[in-house]
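Enquirer: Sequence first, predicted model second:
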Amino acid sequence: MTVTISPTAIIYPDVELGDSTRVDEYVILGQVPGGNGRLGPLRIGEQATIRSHSVLYSGSHIGARLQTGHGVMIRESCRFGDDVSIGTHSIVEHHATLGNGVRVHSNAFIPEFSLVEEGAWIGPSVTFTNAMYPLSPEAKSTLKGPIIRRGAKIGANATLLPGVVIGVDALVGAGSVVVRDVPDGAVVAGNPARVIRRISDIPAYRLINSQNEKP
């Protein structure tokens with residue numbers, strides 16, 4: 001097995017790295033979450049590239065060909081599919097699930113219990129939220145992250161409220177504040193976000209839409 005690890009990286013004992021993985025300067029792999037003890041191994045599939053100053057906690061299982069930008073944080077007990085890309089300075093909190101081929105751009109925040117299905121695209125500086133009433137007595141016990149369905153696209157600087165569902169192939173416009181579920185194939189924009197058209201109305205997406213509607 002060929003794994004390239006910078007001498008400045010910190011790799012804890014219970015880290016499993018796939019073949020042809022590269023770990024750059026000042027990366028920390030297998031960090032222990034405070035107060036929780038070890039949560040099992042951090043598993044990272046083959047051909048991963050983990051760029052400088054990224055921190056990945058113990059207990060997460062990550063598929064093949066992970067790509068991180070610089071200064072990425074991935075907390076404990078996450079589940080990632082193959083070909084996931086996380087941009088510079090983005091944060092994925094614990095117990096988040098990202099499917100195959102998910103692309104998260106720079107400075108995004110994905111909190112606990114979020115689900116991003118395969119092929120979804122998260123633009124730069126997008127913020128998910130998961131606490132409907134922060135600091136209320138039941139805030140932590142009722143956390144619910146957004147659900148991003150297959151192929152959905154979230155534009156730059158959008159904010160998603162707890163538990164909202166973004167439908168299959170839907171598009172959320174840049175800067176939108178999403179307070180309710182978005183139907184499959186819808187395009188929404190504004191604050192609060194409202195449906196303004198269908199993805200099938202946009203020429204650039206018509207081919208994708210027709211392929212998804214085949215029996």
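Expert: Arrived safely, thanks for sending.

Enquirer: Check what pLDDT the nearest residue to Pro41 once chain neighbours are set aside gets.
Expert: Leaving aside its chain neighbours, Pro41 sits nearest to Asp14 (4.3 Å; criterion: Cβ to Cβ, 6 or more residues apart in numbering). All C-beta spots, glycine's among them, are computed from the backbone N, C-alpha and C. Here, the pLDDT recorded for Asp14 equals 92.

Enquirer: Show me the shaky parts of the protein.
Expert: 1, 35-38, 207-215 (pLDDT under 70).

Enquirer: can you give me the helices for it?
Expert: Along the chain, counting by DSSP state H, helices occupy 206-212.

Enquirer: For Glu16, give its distance to Val23.
Expert: Glu16 is 13 Å from Val23, where distance means Cβ to Cβ, to the nearest Å.

Enquirer: Settle it for me: which of those two has more neighbours?
Expert: Val23 (26 against 12; other Cβ atoms under 10 Å).

Enquirer: Quick check, the residue nearest to Pro41 in contact with Gly40.
Expert: Yes. Using Cβ atoms under 8 Å, Asp14 is in contact with Gly40, at 7.1 Å.

Enquirer: shared neighbours of these two, anything?
Expert: Taking Cβ atoms under 8 Å, 6 or more residues apart in numbering as the criterion, Asp14 and Gly40 both touch Ser58.

Enquirer: So if I had to pick from those two, which one is more boxed in?
Expert: A count of neighbours by other Cβ under 10 Å puts Asp14 above the other of Asp14 and Gly40, at 16 against 12.

Enquirer: OK, contacts around the nearest residue to Gly173 once chain neighbours are set aside?
Expert: Among residues not flanking Gly173 along the chain, Ala189 sits closest, at 3.2 Å (Cβ to Cβ, 6+ apart). For Ala189, the contacting residues are Val172, Gly173, Ala174, Ser176, Ile196, by Cβ under 8 Å, 6+ apart.

Enquirer: repeat that for 6 Å
Expert: Neighbour list for Ala189: Gly173, Ser176, Ile196 [criterion: Cβ atoms under 6 Å, 6 or more residues apart in numbering].

Enquirer: Same check on Gly119?
Expert: Gly101, Arg150, Gly151 are the contacts of Gly119 under Cβ under 6 Å, 6+ apart.

Enquirer: Now render those residues as CSV, adding neighbour count and distance to Gly81.
Expert: Output for the contacts of Gly119, formatted as CSV (neighbours: other Cβ atoms under 10 Å; distance: Cβ to Cβ, whole Å):
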residue, neighbour count, distance to Gly81
Gly101, 19, 7
Arg150, 17, 12
Gly151, 23, 14
